[in-house]
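Novice: Return a 3D structure for these sequence lines:
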Amino acid sequence: MDRPVHRPEQRPHRAVVIGGGVGGLTAALALHRQGVPVTVHERAASLEPVGAGLALAPNALRALDRLGIGDRLRALASPHPAIGVRRPSGRWLARTGSDAVEAYFGDPVIAVARAALIDALVDALPAGTVHTDSPAALVDPGSAGQGGADRPAVVSTPDGEQPADLVVAADGIRSATRAALFPYHPGPRYSGFTTWRTIVADPPRPPFAAGEVWGRGRLAGVVPLSDGRVYVYGAALAPAGARAADGDERAELLRRYGDWCAPVPELLASADPAKVLRHDVWEIADPLPAYHHGRVALLGDAAHAMVPFQGQGACQAIEDAVVLAAAVPSAGLPAYTTARLPRTTAIVAGSRAVGTLVARRSPAAVLARDLALTAAGLLPTHLLLHRAAPTYAWQPPQLTALATAT
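Specialist: Have a look, this model is predicted:
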């Protein structure tokens, strides 16, 4: 197969990524695959991931295939014969076979440790791409020539100010870059939920079925990993900033979920208290006017932070990265906004809608919700999967314009 013709005038000279999380590292790898020299600046002293596990749906796995690491992540996933939702009593409300999801979309939804995804991304990048303990900040967004002078962006780093033809702001939900580019945007809003996440290294009585348990204003989830560990998470309505009175978040989880169906209490009792993470959930409820300005592109939580109830936060950041890299050498950043803003806005809204179901607390509202879930579970599988198609059936663009060997 003939390789695409390289036109030097199309090649951006240099890209700088602010933030070394999933979105930033995926963007760096996607740009590298397009032949764009890229540097990642991460404020933290290491890339040790904040978080325990994450879901990779078929849409994200296809994007990772474009980057050459999809099969590495699939190999780390354990097969789950069924996934679904139960009541705290243990009664199933709805179940779907993971084999049906794979048959319909070409891949199941898999769960991996966040560290495994970070490692796969870093291993695929050239040595020296990622700089830790290296805070970076936007000084000038530059201009791509639309209605003004064509000038590079400028980023401040520990090594001084540096010009860049592209700046990728993957600096998270509290993005200083977003605030600088869109100072009148209201920014993130507290969702009303707090979350806990942990990986149980030595779970009792494996194996476990994957799935969630929904109660009154709270849920718990259990996801076995391929190496025998189990990812456990919880979400509950709580005031922003609230924490366990004694500082023991595992004990707080047992207070909230200790009388729920197995294996939730057993897994929580086996968790290492020092490895239980708790974070309040904030979202960007008001869409930004654009995901770019000048030579700067916003990506992931910096652009569209969402509540976690569809498992699409990391998936959408991965999509962002591939679409951005495909747009850079040809259509440019306006095409990135055009492609991403409507899609991510819809997914943010959909995740919020699921959150409103989880948030129900009155007995009547919970009963109505559970009856609706049970009725939905009685529908033919293909109808249930058809509802997920707008999210899961997404196809990534090709990265061929400036592809280079790795």
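
Novice: Can you name the element that comes right after the lengthiest strand in the chain?
Specialist: When the chain is scanned for its longest strand (criterion: DSSP state E), the result is strand 189-200. From strand 189-200 onward toward the C-terminus, using DSSP states H and E, the following helix or strand is strand 211-214.

Novice: one step back: how about the longest strand of the chain: buried residues?
Specialist: Buried residues in strand 189-200, counted by 16 or more other CB atoms under 10 Å: Ser191, Gly192, Phe193, Thr194, Thr195, Trp196, Arg197, Thr198, Ile199, Val200. The way it works is simple: take the backbone N, C-alpha and C, and place the C-beta from them, glycine included.

Novice: low-scoring pLDDT stretches of the protein, where are they?
Specialist: For the chain, the stretches with pLDDT under 70 are 1-13, 49-51, 79-82, 145-149, 206-208, 401-406.

Novice: related to what we said a few turns ago, describe which strands the longest strand of the chain pairs with in its sheet and in which direction.
Specialist: According to DSSP bridges, strand 189-200 forms sheet pairs with strand 230-237 (antiparallel), strand 277-283 (antiparallel).

Novice: Test my guess that Gly294 contacts Gly142.
Specialist: Yes: judged on CB atoms under 8 Å, Gly294 makes contact with Gly142 at a distance of 4.6 Å.

Novice: helices or strands up against the top helix by length along the chain?
Specialist: Counting by DSSP state H, the longest helix found in the chain is helix 333-358. Packing contacts for helix 333-358, counted by 3 or more CB pairs under 8 Å, 6 or more residues apart in numbering; DSSP states H and E, involve strand 189-200, strand 277-283, strand 292-293, helix 301-304, helix 313-327, helix 381-392.

Novice: overlap in contacts of Gly294 and Gly142?
Specialist: Jointly contacting Gly294 and Gly142 under the rule CB atoms under 8 Å, 6 or more residues apart in numbering are Ala153.

Novice: These two: who's more crowded?
Specialist: Gly142 (24 against 19; other CB atoms under 10 Å).

Novice: That one is in contact with Pro152, isn't it?
Specialist: Yes: the criterion here is CB under 8 Å, and Gly142 meets it with Pro152 at 5.0 Å.

Novice: between these two, what contacts are shared?
Specialist: With CB under 8 Å, 6+ apart as the test, Gly142 and Pro152 both reach Ala164, Asp165, Arg295.

Novice: which ones are touching the last one?
Specialist: Contacts here follow CB under 8 Å, 6+ apart; on that basis Arg295 touches Pro141, Gly142, Ser143, Ala144, Pro152, Ala153, Ala164, Asp165, Leu166, Val167, Leu333.

Novice: Mind checking which of those land in strands?
Specialist: Members of these lying in strands (criterion: DSSP E): Ser143, Ala144, Ala153, Ala164, Leu166, Val167.

Novice: which residues touch the residue nearest to the third one when sequence neighbours are not counted?
Specialist: By the measure of CB to CB, 6 or more residues apart in numbering, the closest residue to Ala153 outside its immediate chain neighbours is Gly142, 3.5 Å from it. If you count contacts by CB under 8 Å, 6+ apart, Gly142 has them with Arg151, Pro152, Ala153, Val154, Ala164, Asp165, Val167, Gly294, Arg295, Val296.

Novice: Now with 7 Å, please.
Specialist: Arg151, Pro152, Ala153, Val154, Gly294, Arg295 (CB atoms under 7 Å, 6 or more residues apart in numbering).

Novice: Over to Trp282?
Specialist: The neighbourhood of Trp282, defined by CB under 7 Å, 6+ apart, consists of Ile173, Pro188, Arg189, Tyr190, Ser191, Ala305.

Novice: Mind putting those into CSV with distance to Leu93?
Specialist: Listed next are the contacts of Trp282 as CSV, based on distance: CB to CB, whole Å:
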residue, distance to Leu93
Ile173, 31
Pro188, 31
Arg189, 29
Tyr190, 28
Ser191, 23
Ala305, 28
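
Novice: quick check, nearest of these to Leu268?
Specialist: Leu268 lies nearest to Ser191 out of the contacts of Trp282, by CB to CB, at 22.8 Å.

Novice: closest to Arg178 among the shared contacts of Gly142 and Pro152?
Specialist: Nearest to Arg178 among the shared contacts of Gly142 and Pro152, with distances taken as CB to CB, is Arg295, at 15.1 Å.

Novice: how about the closest one, phi and psi?
Specialist: Phi and psi for Arg295, reported as degrees, to the nearest 10, are phi -110, psi 20.

Novice: quick one: the closest residue to Asp286 other than its chain neighbours and Val155, what's the gap?
Specialist: Closest residue to Asp286 apart from its sequence neighbours, by CB to CB, 6+ apart: Pro186 at 5.5 Å. From Pro186 over to Val155 the distance is 26 Å, taken as CB to CB, to the nearest Å.

Novice: Look at those two and report which has more neighbours.
Specialist: More crowded of Pro186 and Val155, by other CB under 10 Å: Val155, with 26 against 9.
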